[in-house]
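In: Provide a 3D model corresponding to the input given below.
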Amino acid sequence: MRFSIIPFLLLGIPLAEIAVFVIVGQQIGLFPTLGLVIGTAVLGSILLRVQGFGVLSRMQRELAERRLPGRELVHGVMILLAGLLLVVPGFVTDILGLLLFIPPIRDLAWRFLRSRVVVMSPTDMSGTSRHDRRPGKTIDLDLEDYSSSEGKDSPWRGK
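Out: Take a look at the predicted model:
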């Protein structure tokens, strides 16, 4: 039932973009409208770079403190989506993209998503992965044990 709105969005967003293009074009003219579209694409790429590196450094800091950077991961995805929305030509998507670049709005979205999203890690943040905890046989090979030559005395060859 929730996914029944997606076809309407796929049809509604381009129609809204066309309508806003026509309205803005009538108000300010063709070339200023095109300039705004190109300007928001350039602004989006600059904001994506600046804020993306900021989120990346915060994620590294959280990992260095042995904490799972769930909030920063979600913020990173929202910044990536915001940059994509700003690069796509259109004023409606530009407004949505600019809103996603504002940290308090991203925090609102994070609070909404936090209860609905589970961030899982292959490690328990103590440095050991789940695969390390399984009991089993460890096969340790030396350089002469591992080679690409066709050895006839190899125990791995079938008889």
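In: got a list of what the nearest residue to Gly76 once chain neighbours are set aside touches?
Out: Nearest in space to Gly76, with sequence neighbours left out and distances taken as C-beta to C-beta, 6 or more residues apart in numbering, is Val55 at 4.5 Å. To be clear about C-beta, it is placed using only N, CA and C from the backbone, and glycine gets the same treatment. By C-beta atoms under 8 Å, 6 or more residues apart in numbering, Val55 lies in contact with 72, 75-76, 79.
In: Check which helix or strand Val55 maps to.
Out: Assigning secondary structure by DSSP states H and E places Val55 in helix 30-64.
In: helix, strand or coil for Asp142?
Out: coil (DSSP: H, G, I helix; E, B strand; the rest coil).
In: ok, now Arg66?
Out: Using three-state DSSP, the structure places Arg66 in coil.
In: where does the chain have low pLDDT?
Out: Along the chain, the model assigns pLDDT under 70 to residues 1-3, 117-136, 146-159.
In: now the helices for it?
Out: Using DSSP state H, the helices of the chain run over residues 6-28, 30-64, 70-87, 91-100, 103-114.
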